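Peer 1: from the sequence below, what's the structure:
(2 chains)
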Amino acid sequence: MFDFLDQYDVWEAFWVTIKLTLYSAIGSLIWGTLLAAMRVSPVPVMRAFGTLYINTVRNTPLTVIIVATSLGLYQTLGIELGGGTSKDINFKLAVLGLIVYHASFVCESLRSGINTVPVGQAEAARALGLNFIQVLTLIVLPQAFRSVVAPLANVLIALTKNTTVAAAIGVAEAALLMKEMVENESDVIFLVFAVFAFGFIVLTLPVGLLLGWVSKRVAVKR
Amino acid sequence: MSDLSVLYDAPGPRAKVRNWLYSVLFLVVFVLAAWWVLGEMADKDQLAGEKWKPFFTDSRVWTTYLFPGLLNTLKAAGLSIAIALPLGAILGIGRLSDHKWVSIPAGAVVELFRAIPVLLMMVFANQAYAEFSTLEPEVRPLYAVVTGLVLYNSAVIAEIVRAGIQSLPAGQTDAAKAIGMRKGQLMSYVLLPQAVTAMLPALVSQLVVIVKDTALGGAMLGFGELLGQIREITANYGANTIAAFTVVAVIFILLNLLLTTLAGWLESRIRRGKKTTGAVVPTAATDPAGGLD
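Peer 2: Numbering: from 1, shown residues only, chains lettered A, B, ... in the order given. Just a heads-up that it's a prediction; the model follows:
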């Protein structure tokens, strides 16, 4: 029944999906945290930049961003992000696009996490003479991170599903292979769809359950 | 900690100087980055006037490409929401049913379609229509995009509906039961009318996701929506890739900002309103970052 899978390397395609997810997740966590720090910082210019970035990026389709990295950055401006074969470059461009887009959601989740920290904690920290960076990194962010594990898990799940958009610039991940397979194996398209749908459920379901459990473990009891 | 300024003191003289210093430093880095980007663009001849001029002087680029593209985007988004809304409402109410044979299948459908990337459903639908239907190839991408969006978003809307009903105080149900209402009456006369107002902001935010996801059809299925028009424009107006992307992105951003603002306005209105319970499903009902796929 699953003979049609023999000619295709489904594992390889999903491995690319996993790599895209991992690199983009790490990147958007870092960039998103920086953005969140900017948005709550005492420097008005940084706050304005953060707000502008979030409002712009959140309202732009991810597809536009990813296609623009390929057509705009690479093919028009010749930015190759360290070069390599065109396969490597497309992969890196896709990661860049995914980071740019998802960092804004990480930032907004973190900011809502900062809101859950009681005001008294920051006041106490300030009374001890800590400056903004110290208040943020020693007192507020550690608690904020613990309270937003569940929202960040949702961002991670959405990121996993959104890696399929990289197919639009020819990154050989799951969605692109599925597109190729439904066109070639037109007699078994329901099976093909089922295989890929199952693959994504396997990728996202454990993440949701695991991080849901973690979020309960680490939540700050108030 | 809704007042974030508590993170730092009201700036004194030294802090003011320091903030100025940081501002200047940040601006310098920003300007250098912008300078480098513009320099790269100028090198590749992307800043030349004739690449940008068509969007301001030539109305044909709007009437031939951008407006039809925008129309297709709105058409796909409108059709999807019109179909997904009732479907999602049924699934959401079904999931709350007391009968296991209704609630379990409804829950399974919702969880399944929420877990599958919307692009996979579009690609699958496109091929399925090609195999099993007599749809003309020209309209097939629109059908495929709408099918994918409906399958995914009805599952998300079902969750919004469920959250909307569950956000109502339990007393509403108790009171309705106490005066002898049946389950159908309880739902249609008491719970749903209130839940609809509560979930309105979340629904409008979901519209942003739908509008954004139509772009997938342009990139993968040859659907002639806004993003899909970029190739046509660059082919006809002299390789103005960056200019075309900028204009299309700005249209998307303005459209979605309008929706986001509407959602925020609705939310603040409902929270203020005294006639309702004031319950609001946060735009984050299903994902914390409203507007995420």
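
Peer 1: got the contact list for residue A:122?
Peer 2: In this structure, residue A:122 makes contact with A:135, A:139, A:140, B:1, B:6, B:7, judged by Cβ atoms under 8 Å, 6 or more residues apart in numbering or on different chains. Bear in mind the C-beta positions are built from the backbone N, C-alpha and C, glycine included.

Peer 1: just give the nearest non-adjacent residue to it, would you?
Peer 2: Ranked by Cβ to Cβ, 6 or more residues apart in numbering or on different chains and with sequence neighbours excluded, the top spatial neighbour of residue A:122 is residue B:6, at 4.9 Å.

Peer 1: next one: residue B:11
Peer 2: Nearest-residue entry for residue B:11: residue B:19, 5.9 Å, with adjacent residues in sequence omitted and distances by Cβ to Cβ, 6+ apart.

Peer 1: what ranges do the helices span in the stretch 1-150 of chain B?
Peer 2: Counting by DSSP state H, counting those that start in this stretch, one finds helices in the stretch 1-150 of chain B at the ranges B:13-43, B:49-52, B:54-57, B:59-60, B:67-95, B:100-115, B:118-132, B:140-166.

Peer 1: send the alpha carbons of the third one over as PDB?
Peer 2: The one in question is helix B:54-57. Provided in PDB are the C-alpha atoms of helix B:54-57 (Å, rounded to 0.1, in the frame of the first residue of the first chain):
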ATOM      1  CA  PRO B  54       5.100  53.600 -12.200                       C
ATOM      2  CA  PHE B  55       3.400  53.200  -8.900                       C
ATOM      3  CA  PHE B  56       2.900  56.900  -8.600                       C
ATOM      4  CA  THR B  57       2.400  58.100 -12.200                       C
END
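
Peer 1: how far off centre is that helix?
Peer 2: Going by Cα atoms, centre = their mean, to the nearest Å, the spacing between the C-alpha centre of helix B:54-57 and its chain's C-alpha centre is 29 Å.

Peer 1: just want the angle from whichever helix or strand residue B:270 is part of to helix B:67-95.
Peer 2: The secondary structure element spanning residue B:270 is helix B:241-272 (assigned by DSSP states H and E). Between helix B:241-272 and helix B:67-95, the angle comes out at 40 degrees (axes from the mean of the first three to the mean of the last three Cα atoms, to 10 degrees).

Peer 1: which elements pack onto helix B:241-272?
Peer 2: Using 3 or more Cβ pairs under 8 Å, 6 or more residues apart in numbering or on different chains; DSSP states H and E as the contact criterion, the elements in contact with helix B:241-272 are helix A:44-58, helix A:62-68, helix B:49-52, helix B:67-95, helix B:192-220, helix B:229-236.

Peer 1: just the pLDDT for residue A:207.
Peer 2: According to the per-residue confidence, residue A:207 scores 90 in pLDDT.

Peer 1: what about it, neighbour count?
Peer 2: Residues contacting residue A:207 under the criterion other Cβ atoms under 10 Å in any protein chain shown number 17.

Peer 1: what do you get for the one 10 residues further on?
Peer 2: Neighbours of residue A:217 under the rule other Cβ under 10 Å: 9.

Peer 1: now swap in residue B:99 and tell me
Peer 2: Other residues within reach of residue B:99, judged by other Cβ under 10 Å, total 8.

Peer 1: same check on residue B:78?
Peer 2: Summarising burial for residue B:78: neighbours were counted as other Cβ under 10 Å, giving 14.

Peer 1: how near is it to residue B:128?
Peer 2: 23 Å (Cβ to Cβ, to the nearest Å).

Peer 1: circling back to that earlier point, so which of the helices and strands packed on helix B:241-272 comes closest to residue B:161?
Peer 2: Shortest distance between residue B:161 and these, using Cβ to Cβ, is found for helix B:67-95: 3.0 Å.

Peer 1: mind listing what's buried in the closest one?
Peer 2: For helix B:67-95, the neighbour count (16 or more other Cβ atoms under 10 Å in any protein chain shown) marks B:68-70, B:72-73, B:76-77, B:79-81, B:83-85, B:87-89, B:91-95 as buried.

Peer 1: off-centre distance for it?
Peer 2: In terms of Cα atoms, centre = their mean, the centre of helix B:67-95 is found 11 Å from the chain centre.

Peer 1: who touches residue A:186 in this structure?
Peer 2: The contact partners of residue A:186, by Cβ under 8 Å, 6+ apart, come to B:127, B:130, B:131.

Peer 1: check what pLDDT the last one gets.
Peer 2: Just to be clear, that refers to residue B:131. The predicted local confidence for residue B:131 comes out at a pLDDT of 89.

Peer 1: correct me, but residue A:82 touches residue A:92?
Peer 2: Yes. Using Cβ atoms under 8 Å, residue A:82 and residue A:92 qualify as a contacting pair, with a distance of 6.9 Å.

Peer 1: re earlier: name the member of the contacts of residue A:122 with the most neighbours.
Peer 2: Of the contacts of residue A:122, residue A:140 is surrounded by the most neighbours, 24 neighbours in total, counting by other Cβ under 10 Å.

Peer 1: got the contact list for the residue lying closest to that one once chain neighbours are set aside?
Peer 2: Of all residues not flanking residue A:140 in the chain, residue A:117 sits nearest, at 5.2 Å (Cβ to Cβ, 6+ apart). Counting by Cβ under 8 Å, 6+ apart, residue A:117 touches A:139, A:140, A:143, A:144, A:147, B:1.

Peer 1: hmm, who's touching stretch B:62-80?
Peer 2: Counting contacts by Cβ under 8 Å, 6+ apart, the residues outside stretch B:62-80 that touch it are B:55, B:142, B:145-146, B:149-150, B:153, B:207, B:210-211, B:214-215, B:217-218, B:223-229, B:232-233, B:236, B:247-248, B:251, B:255.

Peer 1: buried subset of the residues you listed as a PyMOL selection?
Peer 2: Selection of the buried residues among these in PyMOL, burial being defined by 16+ other Cβ under 10 Å:
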select buried, chain B and resi 55+142+145+146+149+150+153+207+210+211+214+215+217+218+223+224+225+226+227+228+229+232+233+247+248+251+255
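
Peer 1: and residue A:41, helix, strand or coil?
Peer 2: Secondary structure of residue A:41, reduced to three states by DSSP: H, G, I helix; E, B strand; the rest coil: coil.

Peer 1: how near is it to chain B?
Peer 2: Taking Cβ to the nearest Cβ, to the nearest Å as the measure, residue A:41 falls 8 Å from chain B.

Peer 1: residues contacting the closest residue to that residue other than its chain neighbours?
Peer 2: Taking Cβ to Cβ, 6+ apart as the measure, residue A:41 lies nearest to residue A:47, with 6.3 Å between them; neighbours along the chain are not counted. Taking Cβ under 8 Å, 6+ apart as the contact definition, residue A:47 lies against A:38, A:39, A:40, A:41.

Peer 1: any part of stretch A:209-217 near chain B?
Peer 2: No. Applying Cβ under 8 Å from any Cβ of the partner chain, one finds that stretch A:209-217 is not in contact with chain B, the shortest distance being 11.4 Å.

Peer 1: any buried residues in that stretch, and which?
Peer 2: A:211, A:215.

Peer 1: which residues are contacting it?
Peer 2: Applying Cβ under 8 Å, 6+ apart, the contact partners of stretch A:209-217 are A:149, A:150, A:152, A:153, A:156.

Peer 1: out of the residues you listed, which is most surrounded?
Peer 2: Tallying neighbours with other Cβ under 10 Å puts residue A:152 at the head of the contacts of stretch A:209-217, with 23 neighbours.

Peer 1: average pLDDT across the strand or helix carrying that residue?
Peer 2: Secondary-structure assignment from DSSP H and E places residue A:152 in helix A:149-162. What helix A:149-162 shows for mean pLDDT is 93.

Peer 1: got it, and stretch B:210-217?
Peer 2: Averaging the model's pLDDT scores along stretch B:210-217 yields 93.

Peer 1: which residues does that stretch contact?
Peer 2: Taking contacts as Cβ under 8 Å, 6+ apart, the residues outside stretch B:210-217 that touch it are A:59-64, A:165, A:168, B:72-74, B:76-77, B:80-81, B:84, B:118-119, B:122, B:141-142, B:144-145, B:148-149, B:152-153, B:223, B:225-228, B:252, B:255-256, B:259, B:291, B:293.
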